[in-house]
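Only the shape, not the letters, is given here:
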């Protein structure tokens, strides 16, 4: 199965989410749309993986997280965020959020801002093959975030054992709209040898 | 346009999101699904409201937030949360989160937990016709939250002028998985008369 086909399907379903919310088509068209969606669900359901997509490893040894709600290329809920790593160790993601991510009228839901910041701050702690999980996240809302184009940015502040401290923000034409700080935990089994506890391997 | 038809459409698109992620159908079926989704998008797009759904008021004077990413009945991204108010002033929402909300394999994305908690804590401050916006949200992750059934709970701690302080948590069969506290701001124009600044109306 070519990955590109699944990606295109997810992109089309993203458009479908948007027009499902915004459609003012007449009742007959909506009823027909409903029948088509049900037919599509049936087609795709002839074989389903159990549970969820999870994390897989491709032949090159890279983690594949296509089902992820923030970055998953196969997940129509994901905008998806495309995480870019700067030379200086920071990360950022440029994203456009439409009608599907609304909270206050015309604005991004505060919880959606938190979701994006959680992922982007966490990305400063993630290393290939070395996941990190959110320990604590604090989000401060400086002003409403309009639906539309947005940049999420984060950088690592320091690492203390299993804990990575990161800060970041959302920014658009209005300036910084939301700030966040977080602590991300790397499980012990993924940490390098802990010198304080190890005995020389011999 | 009957609301029920749009609700059913959103429910079907929710199923479509899930099977788009989980489908292992053969390439021909996926290609056919893609064509059907594109056809559906076209049907629904014959008339679109500009921008986003926003907040509307029904004839009974109630706020209609069908496009909302957390609770919107027309938004396929929304699980949707159904907010229940307890006699004691608390709020809760029982929700089932499937493959579309995944972060770590088999688990809810930390940012999705934050989104739900933001909305449920905020609901303690929301009153009919009196919106409240998140000022600060702090989320502590106690353990991973498995995909599946989940209860989100929140209660107001105190009100200080325009600020409502709320706390809450996510809970499932494993116990409390995530805790949160937040400050929610009611814009001045929605506050009752501020006695310290008002002069008697006469």
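Right, received. Where do you want to start? Being a predicted model, the structure only gives us computed values, none of them experimental. Numbering: from 1, shown residues only, chains lettered A, B, ... in the order given.

tell me the contacts of the residue nearest to the spatial centre of chain A?
With distances taken as C-alpha atoms, centre = their mean, residue A:70 lies nearest the centre of chain A, 1.6 Å away. By C-beta atoms under 8 Å, 6 or more residues apart in numbering or on different chains, the contact set of residue A:70 is A:78, A:79, A:80, A:81, A:115, A:116, A:118, A:119, B:103, B:109, B:111. Backbone N, C-alpha and C define where each C-beta goes, glycine included.

And residue A:37, how far from chain B?
4 Å (C-beta to the nearest C-beta, to the nearest Å).

What about that residue, how many residues nearby?
The local packing of residue A:37 (other C-beta atoms under 10 Å in any protein chain shown) involves 27 other residues.

I'd like to know which of the contacts of residue A:70 is nearest to residue B:11.
residue A:78 (20.2 Å; C-beta to C-beta).

just checking, that closest one touches residue A:72?
Yes - here residue A:78 lies in contact with residue A:72, judged by C-beta atoms under 8 Å, at a distance of 4.6 Å.

which stretches of chain A aren't confidently modelled?
By pLDDT under 70, the low-scoring segments of chain A are A:1-2, A:192-202.

repeat that for 80
A:1-2, A:127-129, A:191-202 (pLDDT under 80).

Sketch out the strands for it, chain order is fine.
A:56-57, A:63-64, A:84-85, A:91-97, A:133-141, A:148-160, A:163-172, A:175-185 (DSSP state E).

contact partners of the first one?
To tie it back to what came earlier, the one meant is strand A:56-57. Outside strand A:56-57, the residues that touch it by C-beta under 8 Å, 6+ apart are A:63, A:64.

Over to the fifth one?
The list of residues contacting strand A:133-141 from outside it, by C-beta under 8 Å, 6+ apart, reads A:110, A:113-114, A:117-118, A:121-122, A:163, A:177-185, A:187, B:104, B:110-111, B:114, B:133-141, B:144.

6 Å - rerun?
A:110, A:114, A:118, A:122, A:178-185, B:110, B:134-141 (C-beta atoms under 6 Å, 6 or more residues apart in numbering or on different chains).

Equivalent analysis for the fourth one, please.
Under the contact criterion C-beta under 6 Å, 6+ apart, strand A:91-97 has outside partners A:79, A:81-85, A:108, A:120, A:123-124, A:147, A:149-154.

still on that earlier bit, go through the contacts of residue A:70 and flag which are in helices.
Mapping those onto helices (DSSP state H) picks out A:115, A:116, A:118, A:119, B:111.
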